[in-house]
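Q: What would the 3D arrangement of this be:
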Amino acid sequence: MTRILQLGIENNWHLQYSNSFPAVSYLNDSTGKPIYQKITEINIPVVFDKPIIAVSVSTTIPIGKIWNYAGYLRRSLTTGLGASFVGEPESLFLGKFNLIVFDDLNINYFLSLQVPKWFINSNVAIYQYEGTDSTTLENDVNTIKVLLNI
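A: You can find the predicted model right below:
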């Protein structure tokens, strides 16, 4: 069973959340450079209802450094017992759109993001896929229904 998606069409993606997070500078080291406090876990205040999202994380990379890792993303659900994490954390690449396809649960969910401790700022954008999401099985069943006049 193959999934039919139209990921390459820009109009199928809708920005759900975008924000910037600076780290707090609280001291200077012996050379006068600021020491930054780690950016705490970012709880995204948006309810997501589709299983396909794209997450972009960017930051200021110091000259001479090569950074690829952008942290991880976790999904949580609200149950009768409170919030519960679902699945494994998703590792994110820095400066790329990270396509994440969650297992099909027909339930709303929340996201939280933890960037690496060495980030002094972070820009986050999360898009939700709103386009066609069907399977070849659904198409086959519809074809059979048409042939049988159901």
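Q: At the geometric centre of this structure, which residue sits there?
A: Nearest to the geometric centre of the chain sits residue 55, at 3.9 Å (Cα atoms, centre = their mean).
Q: Excluding chain neighbours, give the residue nearest to that one in space.
A: The shortest distance from residue 55 to any residue that is not its chain neighbour, by Cβ to Cβ, 6 or more residues apart in numbering, is 4.7 Å, and that residue is residue 98. (Glycine included, C-beta is placed from N, CA and C.)
Q: Would you verify that the one you found is located in a strand?
A: Yes - read with DSSP: H, G, I helix; E, B strand; the rest coil, residue 98 is one of the residues of a strand.
Q: wouldn't it be in contact with residue 68 here?
A: No - with contacts defined as Cβ atoms under 8 Å, residue 98 does not count as touching residue 68, sitting 11.7 Å away.
Q: who has more neighbours, those two?
A: When residue 98 is set against residue 68 and neighbours are counted by other Cβ atoms under 10 Å, the residue ahead is residue 98, at 17 against 10.
Q: what's near enough to touch that one?
A: 54-57, 70, 73, 90, 92 (Cβ atoms under 8 Å, 6 or more residues apart in numbering).
Q: Quickly name whichever of those is closest to residue 134.
A: Out of these, the one with the shortest distance to residue 134 is residue 54. That distance is 19.4 Å, counting by Cβ to Cβ.
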